[in-house]
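1. I'll drop the sequence and a predicted model, then ask my questions.
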2 protein chains.
Amino acid sequence: MAALDLLGRRGALRIVWELREGRVLTFRALQAAAELPPGTLNTRLSELRAADIVAAEGGYRLSPRGAQLIQALWPLMAWSQAWADDLQAKDAR
Amino acid sequence: MAALDLLGRRGALRIVWELREGRVLTFRALQAAAELPPGTLNTRLSELRAADIVAAEGGYRLSPRGAQLIQALWPLMAWSQAWADDLQAKDAR
DNA sequence: CTCTATGCTACAAATTTTGTATCATGAATG
DNA sequence: CATTCATGATACAAAATTTGTAGCATAGAG
């Protein structure tokens, strides 16, 4: 599953997530949002652009394929949120 | 998004994937399936067990929470498959 | 010219991963 | 009992990746 390999790299999912819902971010804004050093961000952006997930048109944004990916990520995000909520509830106890 | 951080580590998504559909694998079988060296697998398993995603009961398997995660991963897997198919189609051209 | 923001590169230090060998335990076999 | 086998796990050095910080080069605004 090649996509898992790509998306499993540090920051990859996070970058896609930060570009959700049509957001267009500059390199530096994306750097701040995804909390990545510039070297890692650049490496990851190269890979994501090669995979036609991210496009660089007047800032970084998701390509049409990337937009589809975001759709596929929603259930994962919902699970992730529930997971975080559970942990918090457990900690509060 | 803490879950993204955990699942973004090398092999994490892959491990969960290999334990899909109630599969129960030994450490070594999981090592072979996920293509990970033992040190990495062990590190990842510790994290996934701490996050209550994987359980070690007569072999490694998904916990109930992990089973929910797999559900949330299906759209991503479908996207991933479509992505791979597209790449293949493009290469064939 | 100066100031600012941009994308991006450089580089050494820190961290993570890899690959291989190996240990220790327990169950099965002879 | 002695041997063999599979298990989960650790050790360790080499390789790869990531990090944090500094800075470069370009372009636009004032």
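-> Here it is on my side, so go on.
2. what's around the residue nearest to A:Glu18 when sequence neighbours are not counted, how many residues?
-> Here the nearest residue to A:Glu18 in space, its sequence neighbours aside, is A:Ala33; by CB to CB, 6 or more residues apart in numbering or on different chains that works out to 4.3 Å. For the C-beta atoms, the positions are set from N, CA and C on the backbone; glycine is no exception. Counted with other CB atoms under 10 Å in any protein chain shown, the neighbours of A:Ala33 add up to 15.
3. so A:Ala33 makes contact with A:Trp17?
-> No - counting by CB atoms under 8 Å, no contact exists between A:Ala33 and A:Trp17, whose distance comes to 9.0 Å.
4. pLDDT below threshold where in chain A?
-> Along chain A, the parts satisfying pLDDT under 70 run over A:1, A:87-88, A:90-93.
5. which bits of chain A sit near DNA strand D?
-> Among all residues of chain A, those adjacent to DNA strand D (criterion: CB under 7 Å from any atom of the strand) are A:9-11, A:36-40, A:43.
6. the helix or strand the residue nearest to A:Glu18 falls within: which residues count as buried?
-> Assigned by DSSP states H and E, A:Ala33 belongs to helix A:27-34. Residues A:30-31, A:34 are the ones in helix A:27-34 that count as buried (16 or more other CB atoms under 10 Å in any protein chain shown).
7. as a check, name the ranges of all helices in chain A.
-> A:2-7, A:12-18, A:27-34, A:38-50, A:64-92 (DSSP state H).
8. the longest one: how far from the chain's middle?
-> Right, the one you point to is helix A:64-92. Using CA atoms, centre = their mean, to the nearest Å, the distance from the centre of helix A:64-92 to the centre of the chain it belongs to is 12 Å.
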